[in-house]
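*Asks:* The following comprises the amino acid sequence and a computationally predicted model.
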Amino acid sequence: YKLHIDDPVGAVAVHCMNGIWGTIATGLFATTSAPGNDSVVGLFYGGGFKQLGLQLLGFVSVAAWTAVTITIAFLIIKATVGLRVSEEEEIVGLDSCEHGLPSAYAGFSIMDISNTMTMEVNENTSLGVSDYDTASAAMKEAAVKVETVPAAIPATGIYKVVVIAKLARFEVLKKALNDLGVTGMTMTQVMGCGVQKGAGEMYRGVEMDATLLPKVKVEVVVSKIPVATVIEAAKKALYTGHIGDGKIFVYNVDKVVKVRTGEEDFAALQDVE
């Protein structure tokens, strides 16, 4: 957090910091009782500062060589192909985008019932921005995904929008839809989760419990109000800046019939929007 180092596998802590400490520690703790060592004695065992000075010189030399070499390499990469990937790739992960793998590290993954590797992504992972208006398009898509179900028939202009969201966001969502003029909706309290698949998973021979969380499923049918406007209002209402804020499904509606009047399609919806 302080140095802004993107290091999900702990390489800086393990290789850099431990490597530095291991190099310096030789100058402090080395003894001739160690196998293969008959001359190097550290400061704490009567060897004085000579060996410690050599170890510090070695650390500084390696650090300087690395800094110069990697700076040149990075400048060349930046001037040619570029150092950064897209924001969407950063959120999804390079293992998936570059290699088609959920993870390059099997120890960080689980095997699902089809024996394929899947990543356990924490649905509360922060995207870094909690305000919808300042969030980027990639952040909004990661937080509240929108899936349009392919229509088997030509688009009718009537759409069913299904929103799966956290229970705590229902009132905000309802107000946002009402403000648009969407008054007809169905709300169902459900239990669910995202990547955990809603069932126990096997990890290294042990079944891992997947907690089902309280959710709401809100269904509305729109015709007069543009579906894009409904989606945008729902995304803004649900967005908190965390992966898994919600999911929106859009379906093309083939036929609508109002039982009381016999009206069909567009006419049948005009007193429920």
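*Replies:* All right, it came through fine.
*Asks:* any idea how far the closest residue in space to residue 219 that isn't next to it in sequence lies from residue 217?
*Replies:* With Cβ to Cβ, 6 or more residues apart in numbering as the criterion, residue 219 has its nearest non-adjacent residue at 4.5 Å, and that residue is residue 186. (Each C-beta comes from the backbone N, C-alpha and C, glycine too.) According to Cβ to Cβ, to the nearest Å, residue 186 and residue 217 sit 8 Å apart.
*Asks:* neighbour-wise, which of the two wins?
*Replies:* A side-by-side neighbour count of residue 186 and residue 217, using other Cβ atoms under 10 Å, places residue 217 first with 16 against 10.
*Asks:* How about the secondary structure of the closest residue to the more buried one other than its chain neighbours?
*Replies:* Once flanking residues are discounted, residue 217 sits nearest to residue 188: 4.6 Å by Cβ to Cβ, 6+ apart. Classification of residue 188 by DSSP: H, G, I helix; E, B strand; the rest coil places it in strand.
*Asks:* roughly how far apart are residue 188 and residue 169?
*Replies:* For residue 188, the distance to residue 169 (Cβ to Cβ) stands at 15 Å.
*Asks:* Looking at those two, which is more packed in?
*Replies:* Neighbour comparison, residue 188 and residue 169: the larger count goes to residue 169, with 21 against 10 (by other Cβ under 10 Å).
*Asks:* sec struct for the more buried one, please.
*Replies:* In three-state terms, and counting by three-state DSSP, residue 169 is helix.
*Asks:* Show the pLDDT at it.
*Replies:* Residue 169 carries a pLDDT value of 91.
*Asks:* Use 18 as the first number for this chain going forward.
*Replies:* Fine by me, first position is 18 from now on; the one you just mentioned is residue 186.
*Asks:* what about the spatially closest residue to it that is not a sequence neighbour, neighbour count?
*Replies:* Spatial nearest neighbour of residue 186, chain neighbours left out: residue 255 (5.3 Å); criterion: Cβ to Cβ, 6+ apart. Residues near residue 255, counting by other Cβ under 10 Å, number 24.
*Asks:* Residue 255 is in contact with residue 182, isn't it?
*Replies:* Yes: counting by Cβ atoms under 8 Å, residue 182 is a contact partner of residue 255 at 5.1 Å.
*Asks:* Please identify every residue contacting each of the two.
*Replies:* When Cβ atoms under 8 Å, 6 or more residues apart in numbering defines a contact, the residues bordering residue 255 and residue 182 alike are 190, 262-263.
*Asks:* So which of those residues belong to helices?
*Replies:* Here DSSP state H is the test, and those give residue 190 as lying in helices.
*Asks:* Which per-residue confidence value corresponds to residue 63?
*Replies:* For residue 63, the model assigns a pLDDT of 90.
*Asks:* again, but for residue 172
*Replies:* Reading off the model, residue 172 has pLDDT 69.
*Asks:* how far away is residue 157 from residue 62?
*Replies:* For residue 157 relative to residue 62 (Cβ to Cβ), the value is 60 Å.
*Asks:* In terms of packing, which of these two has more residues around it?
*Replies:* Counted by other Cβ under 10 Å, residue 157 and residue 62 do not tie: residue 157 has more neighbours, with 21 against 15.
*Asks:* residues touching the closest residue to that one other than its chain neighbours, list them.
*Replies:* Once flanking residues are discounted, residue 157 sits nearest to residue 252: 5.9 Å by Cβ to Cβ, 6+ apart. Listed by Cβ under 8 Å, 6+ apart, the contact set of residue 252 reads 149, 157, 160-161, 163, 263, 265.
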